[in-house]
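Trainee: model this:
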Amino acid sequence: MNRNDISAIKALLSTPKNIVIVCHKNPDGDAIGSTLGLYHYLKKHNHNAQVITPNDYPGFLKWVPGEDTILKYDSQTEVSNKTIKDADIIFTLDFNAFHRTGQMQPALEASKAIKILIDHHQEPDDYAAYTYSDVSMSSTCEMVYHFIDMLDDADNIDVSIATCLYLGIMTDTGSFRFPSTTSTTHRIVAELIDKGARNAEVHNNVYDTNSYNRLQLLGCALTNLKVLPELRTAYITLTQNELRKFDYKKGDTEGVVNYALSLENIIFAAIFIEDKQEGIIKISLRSKGGFSVNEFSRAHFNGGGHNNAAGGRSETPLDATVEKFLSILPQYKDALNHE
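Mentor: Okay, the predicted model is just below:
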């Protein structure tokens, strides 16, 4: 984001505005952390700010400061549409194409509000008046910190803002172990802790509170784990019946794919989850090194994301989706074995 853009945004924010902040469907820690972090910042400057998520999110994100103010579009459609229609500015965070917002897409596209994009995913659509896009960033939360700093206002980051931004950085870096974690990321995290983010408490709230059923579902997923050593690939499947058996709640499969990636000599991992309500198979892909799951997902499974973490979807049954995956893999044998 250049100086002219920052100057223009400073001018926009110099007087109170109606501001909507939105994220992608099925929000994760970075989506919730970045939207609420920006929300608290804008409220401090007397803006009428409102976070709207396309749908609900896991219980392990329900403790975040300000979470109780969020509107969920799918269950609060009327008030959400009015709020979007009345907005002067709409911040779109942690996604770069309107279709990522599901049912919210028509309302966002129809809105005359000034759009500001802050995101770290590849190949952003050209819909925003002001775009802050940087695929090298660890998280959108790190970008929100930089955005506030570019506004010369980092001194105004308080405990609530710091906690929200710490959450997103922590989750999107895999607790600071992914390659996108830079020395700058650590310096920002240190600053957030200095400003009141309780790092151990945030970690415990997200990772260390499991239900019995969630752990049983994890056991089921690991039982279903398959390994293809000659292709350095591992994958997991979960059927709708298996999800139902263990009383699946939103977020229960978060991070399960990483168990497959943790296997020795594996650099490519996938999980295929049957979702009969939406009529799709949800796919999460992870990789190590230079093998791009973003490119793989874009080419074969209507998705995308980052080089080492991406998502996709399939509208064919679970068995057929896995069969397609297995039929495609040999095309990548050389790439997978040269990492």
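
Trainee: buried ones in stretch 283-291?
Mentor: Neighbour counts over stretch 283-291 (16 or more other CB atoms under 10 Å) mark Ile283, Ser284, Leu285, Arg286, Ser287, Lys288, Phe291 as buried. The way it works is simple: take the backbone N, C-alpha and C, and place the C-beta from them, glycine included.

Trainee: just flag the most distant two among those residues.
Mentor: Within the buried residues of stretch 283-291, Ile283 and Lys288 form the most distant pair, 17.9 Å apart (CB to CB).

Trainee: let's verify the closest residue to Thr209 other than its chain neighbours: helix, strand, or coil?
Mentor: Leaving out its chain neighbours, the residue that sits closest to Thr209 by CB to CB, 6 or more residues apart in numbering is Phe60, at 6.2 Å. Under DSSP: H, G, I helix; E, B strand; the rest coil, Phe60 falls in the helix class.

Trainee: test my guess that Phe60 contacts Gly251.
Mentor: Yes: using CB atoms under 8 Å, Phe60 is in contact with Gly251, at 5.9 Å.

Trainee: joint contacts of the two?
Mentor: The contact sets of Phe60 and Gly251 do not overlap (CB atoms under 8 Å, 6 or more residues apart in numbering).

Trainee: contact partners for the residue nearest to Thr209?
Mentor: Applying CB under 8 Å, 6+ apart, we find Phe60 in contact with Asn205, Val206, Tyr207, Thr209, Gly251, Glu254.

Trainee: on that earlier part again, adding secondary structure and distance to His45, write the buried residues of stretch 283-291 out as JSON lines.
Mentor: As requested, the buried residues of stretch 283-291 are exported to JSON lines (DSSP: H, G, I helix; E, B strand; the rest coil; distance: CB to CB, whole Å):
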{"residue": "Ile283", "secondary structure": "strand", "distance to His45": "40"}
{"residue": "Ser284", "secondary structure": "strand", "distance to His45": "37"}
{"residue": "Leu285", "secondary structure": "strand", "distance to His45": "39"}
{"residue": "Arg286", "secondary structure": "strand", "distance to His45": "38"}
{"residue": "Ser287", "secondary structure": "strand", "distance to His45": "41"}
{"residue": "Lys288", "secondary structure": "coil", "distance to His45": "42"}
{"residue": "Phe291", "secondary structure": "coil", "distance to His45": "43"}
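
Trainee: want to throw these into TSV with distance to Gly303 and pLDDT?
Mentor: Listed next are these as TSV, based on distance: CB to CB, whole Å; pLDDT from 0 to 100:
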residue	distance to Gly303	pLDDT
Ile283	7	97
Ser284	9	96
Leu285	8	97
Arg286	13	95
Ser287	14	95
Lys288	19	93
Phe291	15	95
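
Trainee: which of those residues lies closest to Gly219?
Mentor: Closest to Gly219, out of all of the buried residues of stretch 283-291 and judged by CB to CB, is Ser284, at 18.5 Å.

Trainee: distance of Asn199 from Ala269?
Mentor: 27 Å (CB to CB, to the nearest Å).

Trainee: in three-state terms, label Ile19 for me.
Mentor: Assigned with three-state DSSP, Ile19 falls in the strand class.

Trainee: that one: what's it in contact with?
Mentor: With contact taken as CB under 8 Å, 6+ apart, Ile19 is in contact with Leu42, His47, Asn48, Ala49, Gln50, Ala87, Asp88, Ile89, Ile90, Phe91.

Trainee: residues in contact with the first one?
Mentor: Spelled out, it's Leu42. Leu13, Ile19, Ile21, Ala49.
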